[in-house]
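*Asks:* structure, please.
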Amino acid sequence: MKPLKKSVTITLDDPILEQTKRLAEREDRSLSSYINLLLKAHLEQMEKNGADGAKKP
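*Replies:* Predicted structure coming up:
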């Protein structure tokens, strides 16, 4: 069974949105699916690097 998903609304800078749309299309993914993939990869990388989300002084 696939994990449940929640709907969210975000605001993106136009250049970021356009670039993300192009990359998603290049990989034949929906925009939502591609953003989810990017966020997951980024979060996994932060975990791997020991980032706990706390800001450093």
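*Asks:* where do the helices sit along this structure?
*Replies:* For the chain, the helices defined by DSSP state H occupy 14-26, 31-48.
*Asks:* columns mean neighbour count, distance to Met1 and mean pLDDT on top of these, output as a markdown table?
*Replies:* All C-beta spots, glycine's among them, are computed from the backbone N, C-alpha and C. Formatted as a markdown table, the helices of the chain follow (neighbours: other C-beta atoms under 10 Å; distance: least, C-beta to C-beta, whole Å; pLDDT from 0 to 100):
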| stretch | mean neighbour count | distance to Met1 | mean pLDDT |
| --- | --- | --- | --- |
| helix 14-26 | 12 | 25 | 98 |
| helix 31-48 | 12 | 17 | 96 |
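*Asks:* need the contact list for the residue most central in space within the chain.
*Replies:* With distances taken as C-alpha atoms, centre = their mean, Leu39 lies nearest the centre of the chain, 2.7 Å away. Going by C-beta atoms under 8 Å, 6 or more residues apart in numbering, Leu39 touches no other residue.
*Asks:* can you check Ala24 too?
*Replies:* 30-31, 33-35.
*Asks:* that older thread, what's the closest of the helices of the chain to Leu4?
*Replies:* Judged by C-beta to C-beta, the one of the helices of the chain that comes nearest to Leu4 is helix 31-48, at 12.9 Å.
*Asks:* related to what we said a few turns ago, go through the helices of the chain and name the closest to Pro3.
*Replies:* With C-beta to C-beta as the criterion, Pro3 lies closest to helix 31-48 of these, at 10.7 Å.
*Asks:* quick one: the closest one to helix 14-26, angle?
*Replies:* Helix 31-48 runs at 100 degrees relative to helix 14-26, counting by axes from the mean of the first three to the mean of the last three C-alpha atoms, to 10 degrees.
*Asks:* and helix 31-48, C-alpha only, in PDB?
*Replies:* Taking C-alpha atoms only, helix 31-48 is exported to PDB below (Å, rounded to 0.1, in the frame of the first residue of the first chain):
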ATOM      1  CA  LEU A  31       5.400  18.600 -11.200                       C
ATOM      2  CA  SER A  32       4.200  17.300  -7.800                       C
ATOM      3  CA  SER A  33       6.000  14.000  -8.100                       C
ATOM      4  CA  TYR A  34       9.200  15.700  -9.100                       C
ATOM      5  CA  ILE A  35       9.100  18.200  -6.300                       C
ATOM      6  CA  ASN A  36       8.400  15.300  -3.900                       C
ATOM      7  CA  LEU A  37      11.500  13.500  -5.300                       C
ATOM      8  CA  LEU A  38      13.700  16.600  -4.900                       C
ATOM      9  CA  LEU A  39      12.600  17.200  -1.300                       C
ATOM     10  CA  LYS A  40      13.000  13.600  -0.400                       C
ATOM     11  CA  ALA A  41      16.600  13.500  -1.800                       C
ATOM     12  CA  HIS A  42      17.500  16.700  -0.100                       C
ATOM     13  CA  LEU A  43      16.100  15.600   3.300                       C
ATOM     14  CA  GLU A  44      18.000  12.200   3.000                       C
ATOM     15  CA  GLN A  45      21.200  14.100   2.200                       C
ATOM     16  CA  MET A  46      20.700  16.400   5.200                       C
ATOM     17  CA  GLU A  47      20.200  13.300   7.400                       C
ATOM     18  CA  LYS A  48      23.300  11.700   6.000                       C
END
